[in-house]
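A.B. asks: Have a look; sequence and predicted model below, questions after that.
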Amino acid sequence: MEQRVGEVSAVGQDALETVRQQPELLAAVVIAVLAVLGAVALFRYLRRTPGDRFVRALAERERVAILMHPNPDPDAMASAMAVAEFADQVGTEAAVHYAGQIRHPENRAFQTVLDCDFARIERANEIGGAPVVLVDHNEPRGFEGAEFIDPYAVVDHHPGNGAGTAFTDVRPDRGSCSSILTEYLRDRGWSNDENADGLSVPPRLATALLYGIQSDTTSFTRGCTHAEFDAAAYLFQAADSDDLNRIANPPIDEESLDVKATAINRRVRNGSFLVSDVGTVSNLDALPPAAEELVRLEGISVAVVIGEHDGEIHLTGRSQDDRVHMGKTLQATMDVVRDASAGGHARMGGAQAPLPWGEATAGTQFVSDSPLVSDGDGGNGRDPDEFRIESPEDLERRLFDAMNGEL
């Protein structure tokens, strides 16, 4: 035995002497070892899911501010709740913020039934300097100083170029942001059985995410993908069916019914396209249900409802026509109005802007800073008058032109 050990030791000494005499061999050995270690590290990195990388980014901060888009809907609220749950799990303090208001009956019921703790803000400094995590939108907006916020992380399913400094996951092909956060839960091993060992999805969060998916896909009929169905199947076991029913069927206020009736009575039709101006409304959340109602009319494939509120014009659109991308249609319509914002998905979109014809009166010409507008010395050779919206009738015409692909 001692002889064998001695032989092995001698072989080792001979190998070491060989390496000493041939430095290039030593370099080759070192490079090979580093290559193996690098390959292992790369393999481990590539195996990390978006959920892993997102939670790691949360864990690197002591606190974060989760920011929903203005007037958050169930998808935004559920996504924010999921981020807060992840943050809590890794010991990161989190607070959820939003600008605007939560007024739609469904949204208010969601907040009340699930006992959500959201903080309304009007200025960026109310966030308190914490790293910002955007959910269900990828560019901060809707409050003073929003343009100066550089998001730390972004999780979204809307088109856009917004990105986070540490993490970005924007998937316009998804029907909801909630399905992306649900994917994170599943990939990180959260069980949908509250009695299972380890981490399990709380019923409150499962209910929120399931309703967020259902709401943003209009009960799985619009913009829905396999990911939404898979996420819903996973969440269903942990969700509270009674809470789902309470959120989905809140009492309906009289104004919402009145706005629907007005939208139906004032509808203007152009082929299968429809526009309805309901005039002044006190509750902007009454507009989307009216648009949903109109697009269900026989022979109608696209519907836009227009309402005025607090010196602004608001448009909500729904499309079941593959030729009409609703978000792009509203952008094309409103790109001539200064300070207008518009966008959305193929099936649904929204827009708002200062009243381009003045407070409830026609005649004020409102020309945008759009690059399409002639600069007065030839420019693009088009008459600036083409880029004015002088009355509700002008807006109606532009909407139909945009739906017909003429803008």
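C.D. replies: Cool, got the structure.
A.B. asks: Need the distance between the two termini of stretch 262-282.
C.D. replies: In stretch 262-282, first residue to last residue: 14 Å (C-alpha to C-alpha, to the nearest Å).
A.B. asks: now swap in stretch 63-79 and tell me
C.D. replies: From its first residue to its last, stretch 63-79 covers 17 Å (C-alpha to C-alpha).
A.B. asks: ok, the residue nearest the centre of the chain to residue 324 distance?
C.D. replies: Centroid-nearest residue in the chain, with C-alpha atoms, centre = their mean: residue 136, separated by 2.1 Å. According to C-beta to C-beta, to the nearest Å, residue 136 stands 24 Å off from residue 324. Placement of C-beta: from N, CA and C, glycine included.
A.B. asks: next one: residue 110
C.D. replies: Residue 110 is 30 Å from residue 324, by C-beta to C-beta.
A.B. asks: Name the residue in the two with the higher neighbour count.
C.D. replies: Higher neighbour count among residue 110 and residue 324: residue 110, with 27 against 21, using other C-beta atoms under 10 Å.
A.B. asks: wait, isn't the more buried one in contact with residue 208?
C.D. replies: Yes - Residue 110 is within contact range of residue 208, at 7.4 Å (criterion: C-beta atoms under 8 Å).
A.B. asks: who touches both of those two?
C.D. replies: Shared contacts of residue 110 and residue 208, defined by C-beta atoms under 8 Å, 6 or more residues apart in numbering, comprise 74, 77.
A.B. asks: distance of the residue lying closest to residue 139 once chain neighbours are set aside from residue 236?
C.D. replies: Leaving aside its chain neighbours, residue 139 sits nearest to residue 162 (3.9 Å; criterion: C-beta to C-beta, 6 or more residues apart in numbering). Per C-beta to C-beta, residue 162 is found 32 Å from residue 236.
A.B. asks: Residue 140 is in contact with residue 65, correct?
C.D. replies: No - using C-beta under 8 Å, residue 65 is not in contact with residue 140; the gap is 10.6 Å.
A.B. asks: Find residues that contact each of those two.
C.D. replies: In contact with both residue 65 and residue 140: residue 132, using C-beta under 8 Å, 6+ apart.
A.B. asks: so which helix or strand takes in residue 181?
C.D. replies: helix 177-187 (DSSP states H and E).
A.B. asks: what's in contact with that helix?
C.D. replies: By C-beta under 8 Å, 6+ apart, helix 177-187 touches 49-52, 54-55, 75-76, 78-79, 82-83, 86, 135-136, 155-157, 169, 171, 174, 201, 208-210, 212-213, 216, 225, 227-228, 230-231, 234-235.
A.B. asks: Just the buried ones from those, in ChimeraX syntax?
C.D. replies: Applying 16 or more other C-beta atoms under 10 Å to those leaves a buried subset, and the ChimeraX line that selects it is:
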select :50,51,54,55,75,76,78,79,82,83,86,135,136,155,156,157,169,171,174,201,208,209,210,212,213,216,225,227,228,231,234,235
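A.B. asks: I am finished for the moment; much appreciated.
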